[in-house]
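*Asks:* Any chance you could fold what I've pasted below:
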Amino acid sequence: MNRNSDSGNYKKYTSKNPLMGIVISKFMKDLSETIAPLEDLKRIIDIGCGEGFIVNNLNRPDITGVDISKKALSIAKQKNPGCNFCTGSIYDLSFKKNSFDLVIATEVLEHLENPDRALKEIKRISKDYCILSVPNEPYFRIMNFLRGKNLTRFGNDIEHVQNWSSGEFVKLIETQFDVVELKKPFPWTMVLCRK
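*Replies:* The predicted structure is shown next:
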C-alpha cells in the first residue's frame with residue numbers, strides 16, 4: 001500500500017495523533033450506527049471515496065466508490081478488493097437514475113463551487129437514502145487552528161470553498177431531500193436524508 005500519499009484525507013485517516021484517532025473513530029461509529037437500521041441496502045455508493053476508508057469501514061459487498069483522484073482510487077482498490085471503484089465527477093455521474101439504495105458523500109460538498117448542482121446529481125442517482133457530511137463550522141476551523149493547522153487561514157483548509165454550520169447545512173439539504181436524522185460527530189455535521 002502506498003504510505004506516501006500526500007492527500008489531506010489520507011493523512012487524516014492514518015494520523016498517529018491520538019486526538020485525531022478519537023474523532024475519526026467517533027465519526028465512523030456514527031456513520032455505521034446511522035446505516036445499521038436502514039433496510040434493503042443492496043447497492044451503496046460512496047461519492048468522493050478518496051482512499052476507501054469509509055468503504056473499508058462499512059465492510060459490505062457491492063459498494064461502489066467514485067473519486068476524481070486516480071491515485072486515491074488506486075489505494076482504495078488495494079484496501080477494498082471486491083468493491084467497484086471508478087473515476088468520476090460528482091457533477092456528472094455515469095449511473096442511471098435511482099441506481100443506489102444509499103448514496104454517501106462525506107466531506108465532499110465543502111470542496112465544491114456548486115454544491116446545489118452536486119445535490120441534484122446525488123438525488124438523481126439515489127433510489128432512497130443519502131448520508132451527507134461536512135465540517136461543522138466554526139468548530140472545524142477552531143480545532144484546526146488550535147492544533148496549529150492552517151494558521152494563516154484561521155484554521156480553514158485551503159481546499160474548503162464552502163463553510164456551513166449544522167443549521168445552515170440542514171437548510172441546504174432540505175432544498176433537495178427530507179432530513180431524517182441529524183448527527184454531530186465533532187467536528188462534523190452528518191445528515192441522513194431521503195429522496
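*Asks:* ok, residue 189 to residue 85 distance?
*Replies:* 26 Å (Cβ to Cβ, to the nearest Å). Quick note: C-beta positions are derived from backbone N, CA and C, even for glycine.
*Asks:* okay, those two: which has more neighbours?
*Replies:* Using other Cβ atoms under 10 Å, the more surrounded residue of residue 189 and residue 85 is residue 189, with 25 against 22.
*Asks:* How about the contacts made by the residue nearest to residue 192 when sequence neighbours are not counted?
*Replies:* Distances taken as Cβ to Cβ, 6 or more residues apart in numbering put residue 181 closest to residue 192, at 4.2 Å, once the chain neighbours are dropped. Contacts for residue 181 (Cβ atoms under 8 Å, 6 or more residues apart in numbering) come out as 34, 191, 192.
*Asks:* List of residues touching stretch 70-80?
*Replies:* 1-2, 5, 7, 9-10, 49-53, 55-56, 63, 65, 67, 83, 85-87.
*Asks:* mind checking the SS state of the residue nearest to residue 192?
*Replies:* strand (DSSP: H, G, I helix; E, B strand; the rest coil).
*Asks:* now residue 101
*Replies:* Residue 101, by the three-state scheme (three-state DSSP), is strand.
*Asks:* For residue 13, see how far away the closest residue to it other than its chain neighbours is.
*Replies:* The shortest distance from residue 101 to any non-neighbouring residue, by Cβ to Cβ, 6+ apart, is to residue 41 (4.7 Å). Residue 41 is 23 Å from residue 13, where distance means Cβ to Cβ.
*Asks:* next one: residue 81
*Replies:* Counting by Cβ to Cβ - residue 81 and residue 13 are separated by 18 Å.
*Asks:* mind listing what's buried in the longest helix seen in the chain?
*Replies:* Counting by DSSP state H, the longest helix found in the chain is helix 18-35. Buried positions in helix 18-35, judged by neighbour count with 16 or more other Cβ atoms under 10 Å: 20, 23, 24, 27, 28, 30, 31, 34, 35.
*Asks:* is it possible to export the residues you listed to JSON lines including distance to residue 133 and pLDDT?
*Replies:* Conversion of those to JSON lines gives the following (distance: Cβ to Cβ, whole Å; pLDDT from 0 to 100):
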{"residue": "20", "distance to residue 133": "16", "pLDDT": "81"}
{"residue": "23", "distance to residue 133": "13", "pLDDT": "89"}
{"residue": "24", "distance to residue 133": "12", "pLDDT": "93"}
{"residue": "27", "distance to residue 133": "8", "pLDDT": "96"}
{"residue": "28", "distance to residue 133": "11", "pLDDT": "96"}
{"residue": "30", "distance to residue 133": "9", "pLDDT": "97"}
{"residue": "31", "distance to residue 133": "8", "pLDDT": "97"}
{"residue": "34", "distance to residue 133": "10", "pLDDT": "97"}
{"residue": "35", "distance to residue 133": "12", "pLDDT": "96"}
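*Asks:* All set now, cheers.
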